[in-house]
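Asker: Everything below, folded, please.
(3 chains)
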Amino acid sequence: MAQATAQPADSLDRRYGQTQRNDRWWVEPLLTGGGLLIFVIYSAISAVLGEQWAFETENHLLLSPFFEPLITPGWLPDFISPALFILWAPIGFRTTCYYYRRTYYRAYFLSPPACAVREPAGSYSGEGTFPLILQNVHRYFMYAALVFVPILWWGAIKSFHLPGEGFGIGVGSIVLTLNAFFLMMYTFGCHSLRHWVGGGLNSFSKSSPRLLRRRLWDFVTIANEKHRRWAWTSLIWVGFTDLYVHLVANGVVTDLNTWSNPI
Amino acid sequence: MADYETHEYDVLVIGAGGAGLRAAVEASAQGATTGLVCKSLLGKAHTVMAEGGMAAAMGNVWPEDNWQVHFRDTMRGGKMLNNWRMAQIHAQESPDRVAELEEWGALFDRTDDGRISQRDFGGHRYARLAHIGDRTGLEMIRTLQQHAVHRGLDVYQECTVNRLVKDGDRVSGAVAYWRESGKPLLFRAKAIVLATGGLGKIWSITSNSWEGTGDGHALAMYAGAEMIDMECVQFHPTGMVWPPSVRGILVTEGVRGDGGTLRNSTGKRFMFEYIPPMFASETADTEAEADQWYNDKTVRRTPDLLPRDEVARAINAEVKAGRGSPHGGVFLDIATRRDSEYIQRRLPSMYHQFKQLAGVDITAEPMEVGPTAHYAMGGVRVDPETQASSVPGLFAAGEVAGGMHGSNRLGGNSLSDLVVFGRRAGLGAAEYAAGLDELPATDGGEVDEALARIRAPFEGEGKENPYTLHRALQDSMQEKVGIIRTESEMLEALDDIAELKERAANVTVEGNVQYNPGWHLALDLEHLLTSAEAITKGALERKESRGGHTREDFPGPSDEFGKVNVVGTLNEEGTVDVRQEPLPEMPAELQRLFEED
Amino acid sequence: MPNAHLRVWRGDEDGDYVEYDVEYEEGMVVLDVVHRLQATQAPDLAVRWNCKAGKCGSCSAEVNGSPKLQCMQRMEQYPEGETISIAPLKTFPLIRDLVTDVTWNYEVAKTIPEITLREREADGTHRMAQIDVDRGQEFRKCIECFICQDVCHVIRDHPENMDDFAGPRFFVRLAEVSMHPLDTNPKEATVQHGFGLEYCNITKCCTDVCPEGIHITDNAIIPLKERRADVHYDPLRALGRKLFGGRS
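Answerer: Next comes the predicted model:
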């Protein structure tokens, strides 16, 4: 590789200061970092509380997505939340997600805090060494996340059918449906998925299976271009969905619905 | 005497645009040790500004196309002043050069069956321009650059050659300086290829960057080479006219090739009024026929795509008649003729350029355009086969060479010219170098003279500012030796040039030798003035209107001047002498191609 | 005519900002104002430029701290009276004023594998569909302004990494080679260790500053990271290769 005529980075400070930017470059990392932090704290509380804070309505109509599908084996001690069986997948998926990496490297690692703003760390080795080299497992979390897409849709569909009462619509069922949709759009915009469905190919025109993969790639590209938007929408909404189901399940709010029998 | 570094090569190529890079690649492939010198960073040469495409009769879109048709189009576009053999070689070899670029990584736009797509352009009978959106020049230079760096050439970037050195009659080297440090260098070489591009910076409204200062034209003249038809300068019909800071920047002919049309302030498509007799039989005279032509090549083509000289004169006349746009141009409208998606796909950099620089959305409103000094058809007189100049060991290719394009160049013929003749120059130079056992001498005192000349602006006592002198030359040439010329004005221009030459001797620059643009301009002034003089003298000599050369006092073409090249050389006093010499005679079998006219 | 208050870096490493007032006209860009400054007050002001139309990538500098092409920054975007700071690219060694030594980029360019196409078809052509060249054409819009190299914190803040890191511009080149429909370089050639792809933490500043709008991170770097994971970090694929041979 090329020999650089490297200069010590601190001479840059001497020459130009940490940054000459005069815009409010610190707003974005502050907002995104703060937003992520709020979500992490909330979801940790919700997950850890488990059974101690009801996460499913008594009529089994609404189940928080943090617990979908509900797995409660007999051997599970009471103090361990069933969210344990679920949350490893979305946590792993989002933690290794290329978009979230950008966000938390900027906001928490300050590496860099913003473009053309000097980062504080004295040395840097990127994602080439442990533990960050593990970010390469993103594709395996993507496979897992794909499994959760139909599961969440199934949960949403179930919420339109009250046992014994039949089909109906409630605010809760709409909330769950939107949740499934947003998570699907976030998952379908995954960079690893984009690579998997077609991005790994170099020519698409040679055969019809390849053309099909090109179509899939185009589709994923559409979602991928808005990956940030879907990442945030789905994150905020899944948190809200969990909160909503808790509130309904604990009788704090009433789910308005067509069965007209408040739960 | 002064300290300088010395480098030795079989072949030294000056200029790293399309022609220079291709010449260097070829010389090196022939086994010659090769050095490549360029004024800018590698890959920044003016070739990147070429937009529309590269003409080559591949017949991918219209199988009817072949080299004879391309040859005929080129000769007719050049008003038969072209060197027929160059035009023939160019038409025959350009398809191979396109294929070669593809082999080296260029990603041309494709046809439905996966071949290289070709687009319509002015003066070309069939859609013939291989292209990549509207950034074909960038693709060419990047491809050649990437190919070249793997060939092990030595590249001297941001290094300016100021003088050639001779050993008796033949060239033996070049004296240059690093722009960065100001330190001088001597290149000793068996053969030198000039590929320095153009001289647009002689005029105030030009599509050329700061590099287009006629260095190669002047270096060749200082070395005693013959120039031909320097008066033939192309004013591209469509340059931006607003805002002032981008005045002259090119708007690709591809806009018209893809359906854009020129309108005056009354909304009229005025080109129908300006169809010259020579093209009447193949140019549409109704709007319906013109619009049909884009999809149906059996009808006659739109007059919007007449050769550039015709269109530039038409725009000039409309503006003079008071039918111009608010900023002194005319309207170029593609917004009402093609949908937004099509425009953005076919003309992405035009879209970008107008949006960012003029605040104009070309998918919604018309552009304002006007003529801009664009291209030198004239240049170093060369042998068509080898690109050898009249000075042994000195070769020239690309814009700095003359003859290929006659009195007017067709759009798209420049990119192909660069690689066709760049390759031939590299080949010619390598063969010539192989015939020499040792490097010719550089000890005749010319090196010291050149070094002193380079330092002079720092030692002058005069107070002339190089920027002021350059501005004065540009204003004079723009006004007096522009699109429309007359004898009295050109004589005035010659006086201006003589005066500016004297003042240029008194230029003094401030600061030091490190990356000092004032100093660089001071050194380029001499080249600009010498080239401007050659153009003006040639323009006075050619008493007719032909192609890019339009005389108000001799409005039509003349049979007498249609048969001669105007040859220019520098005399002992350092001024330009011109004379007429007959054009090389075209063989009968090629002449037959023109009989149907 | 409005007046621009400029703060321009003058001199070499030991230089400093110098303040100037320059009049400008409607429609001018930062580079025009710098040229006017050069023609009237500071004839030896060093600035690199060529095309003045955003096509050559020569006039890169840091305007108000952000890397930009000076020729594409219209003056209208800056409130009148506000100081505009113009500094050289900070990642590369300074030569003088606004000009830096970008040689490093040209050295890296030599290390990128050369595109080597497979044999032509029987009719002498290469056949590639437009949908196969779309991706490569995006990459080849690059004008080599090196703004992405300048903004990349991997080398901007840690110049010692320059020896092992090719930088965003050359990841685009690698992607171009890797994704060429007819290229015959082995898959590993573009994703091998040594180009420093693993240094990139996809913080996307390169994409944010690209004047050509190339999706450097999403379309070049991340796909390369995925291709690299295929080759180096995917145990299932490695197992598949072991069991079935081939190149999955």
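Asker: what residues go with each domain of chain C?
Answerer: Annotated domains of chain C cover C:3-100, C:103-244 [automatic domain parsing].
Asker: how many other residues sit next to the residue of chain B found nearest chain A?
Answerer: Closest to chain A within chain B is B:G114: 7.1 Å, counting by Cβ to the nearest Cβ. For the C-beta atoms, the positions are set from N, CA and C on the backbone; glycine is no exception. Neighbourhood size, B:G114 [other Cβ atoms under 10 Å in any protein chain shown]: 18.
Asker: Same check on B:W293?
Answerer: Other residues within reach of B:W293, judged by other Cβ under 10 Å, total 19.
Asker: Please apply the same query to B:E365.
Answerer: Neighbourhood size, B:E365 [other Cβ under 10 Å]: 13.
Asker: got it, and A:V137?
Answerer: Considering only other Cβ under 10 Å, A:V137 is surrounded by 16 other residues.
Asker: do you know how far A:R101 is from chain C?
Answerer: Using Cβ to the nearest Cβ, to the nearest Å, A:R101 is found at 6 Å from chain C.
Asker: ignore the last one, B:D448
Answerer: From B:D448 across to chain C, the span is 26 Å (Cβ to the nearest Cβ).
Asker: So what's the gap between the strand or helix carrying that residue and the chain middle?
Answerer: B:D448 belongs to helix B:446-459 when elements are defined using DSSP states H and E. Here helix B:446-459 is found 29 Å from its chain centre; the criterion is Cα atoms, centre = their mean, to the nearest Å.
Asker: what's the answer for stretch A:225-241, then?
Answerer: Distance of stretch A:225-241 from the chain centroid (Cα atoms, centre = their mean) equals 7 Å.
Asker: Same check on stretch B:372-391?
Answerer: Distance, stretch centre to chain centre, for stretch B:372-391: 10 Å (Cα atoms, centre = their mean).
Asker: again, but for stretch B:526-537
Answerer: Stretch B:526-537 sits 16 Å away from the centroid of its parent chain (Cα atoms, centre = their mean).
Asker: What are the structural domain limits within chain B?
Answerer: Domain assignment for chain B by automatic domain parsing gives B:5-234+B:374-434, B:243-373, B:446-557.
Asker: Quick one, which of these gets closest to C:G65.
Answerer: For C:G65, the closest of these is domain B:243-373, at 20.5 Å, according to Cβ to Cβ.
Asker: Could you pull out the strands in chain C for me?
Answerer: Ranges of strands within chain C are C:3-10, C:16-23, C:60-63, C:66-69, C:83-87, C:94-96, C:99-100, based on DSSP state E.
Asker: May I see those strands organised as a markdown table, with distance to chain B, mean pLDDT and mean neighbour count added?
Answerer: Formatted as a markdown table, those follow (distance: least, Cβ to the nearest Cβ, whole Å; pLDDT from 0 to 100; neighbours: other Cβ atoms under 10 Å in any protein chain shown):
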| stretch | distance to chain B | mean pLDDT | mean neighbour count |
| --- | --- | --- | --- |
| strand C:3-10 | 11 | 95 | 18 |
| strand C:16-23 | 13 | 95 | 14 |
| strand C:60-63 | 11 | 97 | 26 |
| strand C:66-69 | 10 | 96 | 24 |
| strand C:83-87 | 15 | 96 | 20 |
| strand C:94-96 | 5 | 93 | 22 |
| strand C:99-100 | 5 | 96 | 22 |
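Asker: Can you tell me which of those strands is nearest to A:E127?
Answerer: Closest to A:E127 of the strands of chain C is strand C:66-69 (Cβ to Cβ; 23.7 Å).
Asker: How about that closest one and chain A, touching?
Answerer: Yes. Strand C:66-69 reaches chain A (Cβ under 8 Å from any Cβ of the partner chain) through C:66-67.
Asker: Output that strand as CSV, nothing but the C-alphas.
Answerer: C-alpha atoms of strand C:66-69 as CSV (Å, rounded to 0.1, in the frame of the first residue of the first chain):
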residue,chain,number,x,y,z
SER,C,66,-17.0,21.4,5.2
PRO,C,67,-15.2,19.9,2.2
LYS,C,68,-16.8,21.3,-1.0
LEU,C,69,-16.1,22.0,-4.6
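Asker: got the contact list for it?
Answerer: A:21, A:115-116, C:30, C:54, C:57, C:59-62, C:89, C:145, C:147, C:150-151, C:209, C:211 (Cβ atoms under 8 Å, 6 or more residues apart in numbering or on different chains).
Asker: Would you map the helices across the chain?
Answerer: The chain I'm using is chain A. For chain A, applying DSSP state H gives helices covering A:9-16, A:27-49, A:84-95, A:98-107, A:138-158, A:171-188, A:191-194, A:208-225, A:227-249.
Asker: Correction: the question concerned chain C.
Answerer: Remark: helices assigned in chain C by DSSP H are C:30-40, C:103-109, C:130-139, C:147-151, C:153-156, C:168-179, C:205-209, C:222-232, C:235-244.
Asker: Could you list the buried residues of the longest one?
Answerer: By neighbour count on 16 or more other Cβ atoms under 10 Å in any protein chain shown, the buried set for helix C:168-179 is C:168-179.
Asker: And the first one, by the same measure?
Answerer: Residues of helix C:30-40 classed as buried: C:30-39 (neighbour count, 16+ other Cβ under 10 Å).
Asker: ok, now the second one?
Answerer: Using 16+ other Cβ under 10 Å as the burial criterion, the residues of helix C:103-109 that qualify are C:103-106, C:108-109.
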